[in-house]
Each structure stands twice: as C-alpha cells, then as structure tokens.
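[1] Structure for this input, please:
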Amino acid sequence: MTAMQETGIRSWVGLVVAADSPAGLAHQAINELTRHLPDPDAPDTCPTCGGGYWPCPYFDDAVFHLQAAHVRIGDVLPPDVHARRRLPAAPSTPQDQPAWPAEPPHGENDRG
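    Residues are numbered from 1 along each chain as shown. Next up, the predicted model:
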C-alpha cells in the first residue's frame, strides 16, 4: 500500500530543472497546477480552494500558462487525472489573460 492509499492525500516530490528550460520558465504554473490537483478520494473537489469544484479556475489558469510555455500538460499530471482533465480554451484577447501569478481565491488554504 502506498502513502497516497493510506492517507488519501496525493504525494508530491521536489524536482530540480534548469531555470532556462521550458519547465524552469513555467515553474510557477507547474507548482500552481500541482497545488490544485484533486485528492484521489475526492476527484471532483479542489482541496486548495476550500472544497470548491475541480477543475477550479486556478488549475485552468495554470494549464493555460503551461500550454503557452509549450510544456506538455500530460507530463505533469498524474495518471488518474489524465482521463478527467478538461483543458480551458485560450483567451480570445490578451486582456482576458489573468495576471500571473493569480491571486488566491477567498478561503483558499494551503493544506499544510
């Protein structure tokens, strides 16, 4: 039994990449996407957004920034999320793009 199966909370790892690589340039978006992943035992709930529905706007924002940085979303999502992910449409105009990093929603917690 893995730690994730015992606790119901998704495990994380740290990773070092070159700062000027695509992943290094998009590190804030990768961190934000990971922070807003649903726990395995609550696949439709964002644990960071105070129990709000997943995918939340902050997950979608991170996906948009990763796509813009040409980072493959599937490479940073765990297998159980692949089939359920919904990619947001690109904004129609630059002013529709949220500022990065996005402000945390009211009631967001950091789970630790």
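
[2] what ranges do the helices span in the chain?
    Listed in chain order, the helices of the chain (DSSP state H) span 3-7, 22-25, 27-35, 57-68, 79-82.

[3] Deepest in the core, which of these is it.
    Of all these, helix 57-68 carries the top mean neighbour count, a mean of 20, counting by mean count of other CB atoms under 10 Å. Heads up, the C-betas are built off the backbone N, CA and C, glycines and all.

[4] And residue 70, what's its pLDDT?
    Note on residue 70: pLDDT of 90.

[5] quick one, what contacts the residue lying closest to residue 30 once chain neighbours are set aside?
    In space, and not counting its chain neighbours, residue 30 is closest to residue 76: 5.6 Å by CB to CB, 6 or more residues apart in numbering. The contact partners of residue 76, taken as CB atoms under 8 Å, 6 or more residues apart in numbering, are 30, 33, 34, 66.

[6] now swap in residue 53 and tell me
    44, 45, 46.

[7] are any of those buried, and which?
    Buried residues within the contacts of residue 53, counting neighbours by 16 or more other CB atoms under 10 Å: 45, 46.

[8] Redo the contacts of residue 53 as TSV? Include pLDDT and distance to residue 53.
    Compiled in TSV, the contacts of residue 53 are given as follows (pLDDT from 0 to 100; distance: CB to CB, whole Å):
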residue	pLDDT	distance to residue 53
44	88	6
45	90	7
46	91	7
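
[9] Reformat the helices of the chain into a markdown table and put distance to residue 50 next to each item.
    As requested, these are arranged in a markdown table below (distance: least, CB to CB, whole Å):
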| stretch | distance to residue 50 |
| --- | --- |
| helix 3-7 | 20 |
| helix 22-25 | 29 |
| helix 27-35 | 13 |
| helix 57-68 | 12 |
| helix 79-82 | 20 |
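
[10] Out of these, the one nearest residue 13 is which?
    Taking CB to CB as the criterion, residue 13 comes closest to helix 27-35 out of the helices of the chain, the separation being 9.8 Å.
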